[in-house]
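[1] The sequence isn't on hand, but the structure is:
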């Protein structure tokens, strides 16, 4: 069984989905640190309903993370993937590594950690010191050019 986290391009989104033949409201909630709505579920029927929806197919909703099961296994991070609609429109000529994202002007470990928490939804503990911030930055292919070495 897998756990999937979906994200909305909106801060909050609530919609009706057909789950096991019945309409069910699913809400994608944002937070003060999150500019996009998020919904996590282990329910296969909900996952199927979301993935078969027009909102998912258009890219307004997309798969953000997938955990292989509910154990301590690391998640399959999909934050660098392109929603389906964009992928079709912007098919690259050749496969390349995800482009590096730069955060110029960030000069402290605390600000770098906050940027990673806000943009990649990592926990505060996972970016609590310089080593952890640099490890997460490497994981997400992020560079802080103005952060002192």
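    Sure, I can see it. Note that the coordinates shown come from a computational prediction; the quantities given were computed from them, not determined experimentally. Residues are numbered from 1 along each chain as shown.

[2] domains of this structure?
    Taking automatic domain parsing as the domain assignment, the ranges for the chain are 3-89, 101-143.

[3] Serialize the ones you listed to TSV and add fields for mean neighbour count, distance to residue 149 and mean pLDDT.
    C-beta here means a position set from N, CA and C on the backbone, and glycine is covered the same way. Formatted as TSV, those follow (neighbours: other CB atoms under 10 Å; distance: least, CB to CB, whole Å; pLDDT from 0 to 100):
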stretch	mean neighbour count	distance to residue 149	mean pLDDT
domain 3-89	15	25	77
domain 101-143	16	10	86
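
[4] mind checking the longest strand of this structure?
    The longest strand of the chain (DSSP state E) is strand 22-31.

[5] Run the chain-centre distance for it.
    Centroid separation for strand 22-31 versus its chain: 17 Å, with CA atoms, centre = their mean, to the nearest Å.

[6] and what of stretch 38-50?
    The answer for stretch 38-50 is 15 Å, by CA atoms, centre = their mean.

[7] hmm, who's touching it?
    1-8, 17-20, 24, 26-30, 56, 61, 64, 70, 121 (CB atoms under 8 Å, 6 or more residues apart in numbering).

[8] List the ones among those that fall in strands.
    With DSSP E as the criterion, strands contain 3-8, 17-19, 24, 26-30, 61, 64 from among these.

[9] Who are the packing partners of the longest helix seen in the chain?
    Taking DSSP state H as the assignment, the helix of the chain that covers the most residues is helix 109-120. Packing partners of helix 109-120 (3 or more CB pairs under 8 Å, 6 or more residues apart in numbering; DSSP states H and E): helix 130-139, strand 142-143.

[10] In TSV: those, plus distance to residue 116.
    TSV is the format used below for the helices and strands packed on helix 109-120 (distance: least, CB to CB, whole Å):
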stretch	distance to residue 116
helix 130-139	5
strand 142-143	7
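
[11] for these, which one sits closest to residue 104?
    Proximity to residue 104, assessed across the helices and strands packed on helix 109-120 by CB to CB, is greatest for strand 142-143 (9.0 Å).

[12] Which secondary structure elements does the closest one sit against?
    By 3+ CB pairs under 8 Å, 6+ apart, strand 142-143 packs against strand 101-102, helix 109-120.

[13] can you put the ones you listed in a markdown table and add distance to residue 51?
    Converted to a markdown table, the helices and strands packed on strand 142-143 look like this (distance: least, CB to CB, whole Å):
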| stretch | distance to residue 51 |
| --- | --- |
| strand 101-102 | 27 |
| helix 109-120 | 22 |
